[in-house]
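Asks: no FASTA, just this:
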Ligand code: ADP
Ligand code: ASP
Ligand code: MG
């Protein structure tokens, strides 16, 4: 078999942890597999690099941001290659531009466009272990790019696709994908399998165990992904096609994110074209709008509109809405950061009624007010006051029968 193994920050946090990783790699090589590995920066390193960039220049040039923040992975790749050599394996490091991993020029959140896999395949054929620096690539103009926070997952899946690997193992600090973040819900249960669709929703709604783009890519390219721990031997979670999911709960997961800000416009003009100019301008500025609600017009030709944007886009959103004040004719603008989005995800929602009812009743029971609601075929999300995040998540986890030890619904 050909395997791509990805090791996240905590799995390579120090030389001792990296030495442990070499034994995992050696085990797979001894089992007769061809192995390529993808490494993250050592735990905390990327955050430190980002802080330095922000201290040096708050409105920084994203090309130089990438030059700085991509270095963490270079350090790990070199150290891992040395440790693997020390362990008796033939290994060398590969940086994004050396392979190359070609990306778009959208610095700090570039997309992987293609990977030239031949050199790595040749290397594996010779019995070597390529150690690839995750997170980084090279733009068409030759400059170094990074592919967004958590992007080593995507680098690993893209590499697995390019190398036609049989499986991509994502080694992290939890032993699989859980029904909820186990740091917040101690009763969370490990899933043996999860469908690409559910994993995609969970990742994009806050479960950062996999970067969203990595799941999208795995689904598109049919890459078999396993999430497992470098700290224990236990079997991980396989991300698979819907038809291969073993469990049958209606709801598979509960997620939360504090990444959004709530924007409210009061007494907006209620006439054709207003939403188009509002959301058109935000889209042109690359600002992603998520949940939207508009209240019923009160008969005075005015309406209120509430929507959410990514928290880091809040300041730009405010500036754009300021420019649009005349066009939209609103009275007041309010932007709040103290909100959190809670979601329940599950393919079973397609064929079961009452899922939304249970969510609303559970939150009402805890006296948690719902500010905005949005739904899709396999998820329901609500926006609530940030202080109730943990209470909401735990109550929903229990209400849907997901707590460890309760029978599967
Ligand atoms: P790495 O550095 O290995 O990439 P991350 O910190 O990016 O690791 O992702 C692993 C973390 O994801 C876990 O420590 C856990 O707190 C968090 N997480 C959030 N939601 C989930 C979930 N549903 N299942 C498992 N882990 C989750
Ligand atoms: N080191 C990068 C980050 O912390 C990429 C990754 O680990 O996936 O975001
Ligand atoms: Mg990660």
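Replies: Looks like it arrived, so ask away. None of the values given here were measured: they were computed from a predicted structure. Numbers count the residues shown, from 1 in each chain. Ligands and ions are numbered 1, 2, ... in the order given.

Asks: residues in contact with stretch 393-405?
Replies: Stretch 393-405 is contacted from outside by 179-181, 184-185, 187-189, 249-251, 253-254, 256, 342, 344, 358-359, 362-363, 365-366, 406-409, using Cβ atoms under 8 Å, 6 or more residues apart in numbering. Glycine gets a C-beta too; all of them are placed from N, C-alpha and C.

Asks: just the buried ones out of those, please.
Replies: Buried by 16 or more other Cβ atoms under 10 Å: 179-181, 184-185, 187-189, 249-251, 253-254, 256, 342, 344, 358-359, 362-363, out of the contacts of stretch 393-405.

Asks: residues of this structure that sit close to ligand 2?
Replies: 8-9, 40-41, 46, 72, 134-135, 149-153 (Cβ under 6 Å from any ligand atom).

Asks: which residues sit in contact with the closest residue to residue 22 other than its chain neighbours?
Replies: Distance criterion Cβ to Cβ, 6 or more residues apart in numbering; nearest residue to residue 22, sequence neighbours excluded, is residue 87 at 4.4 Å. Counting by Cβ under 8 Å, 6+ apart, residue 87 touches 22, 23, 25, 26.

Asks: thinking the last one is in contact with residue 89, fair?
Replies: Yes. Under the criterion of Cβ atoms under 8 Å, residue 26 lies in contact with residue 89, with a separation of 6.4 Å.

Asks: shouldn't residue 167 be in contact with residue 224?
Replies: Yes. Here residue 167 reaches residue 224: they are 4.7 Å apart, a contact under Cβ under 8 Å.

Asks: immediately after the helix or strand harbouring residue 171, which helix or strand?
Replies: Residue 171 belongs to strand 167-172 when assigned by DSSP states H and E. Downstream of strand 167-172, the next assigned helix or strand under DSSP H and E is strand 193-195.

Asks: what comes into contact with the helix or strand following that next one?
Replies: Once the chain leaves strand 193-195, the next helix or strand it forms, by DSSP H and E, is helix 196-204. Residues from elsewhere that reach helix 196-204 (Cβ under 8 Å, 6+ apart): 177, 194, 209-212, 214-216, 218-219, 239-242, 252-253, 255, 343, 345-347, 376, 378-379.

Asks: what is the neighbour count of residue 296?
Replies: When neighbours are defined as other Cβ atoms under 10 Å, residue 296 has 8 of them.

Asks: just residue 357 next, same as before
Replies: 9.

Asks: distance of it from residue 380?
Replies: Distance, residue 357 to residue 380, by Cβ to Cβ, to the nearest Å: 10 Å.

Asks: contacting residues around the residue in the stretch 101-250 of the chain that ligand 2 sits nearest to?
Replies: Of all residues in the stretch 101-250 of the chain, residue 152 sits closest to ligand 2, at 3.3 Å by Cβ to the nearest ligand atom. Contacts of residue 152 were listed using Cβ under 8 Å, 6+ apart, and they are 6, 8, 38, 39, 40, 73, 134, 135, 211.
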